[in-house]
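*Asks:* Turn this into a structure:
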Amino acid sequence: MLNNREEHFDAQTLTVAQIMEIKSFTFRMLVVRLNDTLIKKEDYSSASVNDGDDLKIIHMVSGG
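*Replies:* Have a look, this model is predicted:
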């Protein structure tokens, strides 16, 4: 699951960084949660996402 939608990828396991690249998520301010655990930006390339995991990548927008 990616952002509450079922997604299918060619690999069984991908990192958060790989998924962000595949989905073209290039936003500067992101909050990433994997199975309700906050993932720090420096861990995107090492955090593995497996089949059945719940990944949320949320783009923060500021305004006023």
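
*Asks:* switch to C-alpha atoms for all contacts and neighbour counts from now on
*Replies:* Will do.

*Asks:* So what sits opposite residue 48 in the bridge?
*Replies:* Beta-bridge partners recorded for residue 48 (DSSP bridges): residue 15.

*Asks:* From residue 16, how far off is it?
*Replies:* Residue 48 sits 6 Å away from residue 16, going by CA to CA, to the nearest Å.

*Asks:* neighbour count winner among these two?
*Replies:* Using other CA atoms under 10 Å, the more surrounded residue of residue 48 and residue 16 is residue 16, with 24 against 16.

*Asks:* Mind jotting down where the strands sit in this protein?
*Replies:* Assigned by DSSP state E, the chain shows strands spanning 13-15, 30-34, 37-39, 48-50, 55-59.

*Asks:* how far out from the middle of the chain is the fourth one?
*Replies:* Here the centre of mass of C-alpha atoms in strand 48-50, compared against the chain's by CA atoms, centre = their mean, to the nearest Å, lies 10 Å away.

*Asks:* Same check on the last one?
*Replies:* With CA atoms, centre = their mean as the basis, the distance from the averaged C-alpha position of strand 55-59 to the chain average is 5 Å.

*Asks:* Now do that strand against strand 30-34, angle only.
*Replies:* Interaxial angle of strand 55-59 relative to strand 30-34 (axes from the mean of the first three to the mean of the last three CA atoms, to 10 degrees): 170 degrees.

*Asks:* Would you mark the buried spots in strand 55-59?
*Replies:* By neighbour count on 16 or more other CA atoms under 10 Å, the buried set for strand 55-59 is 55, 56, 57.
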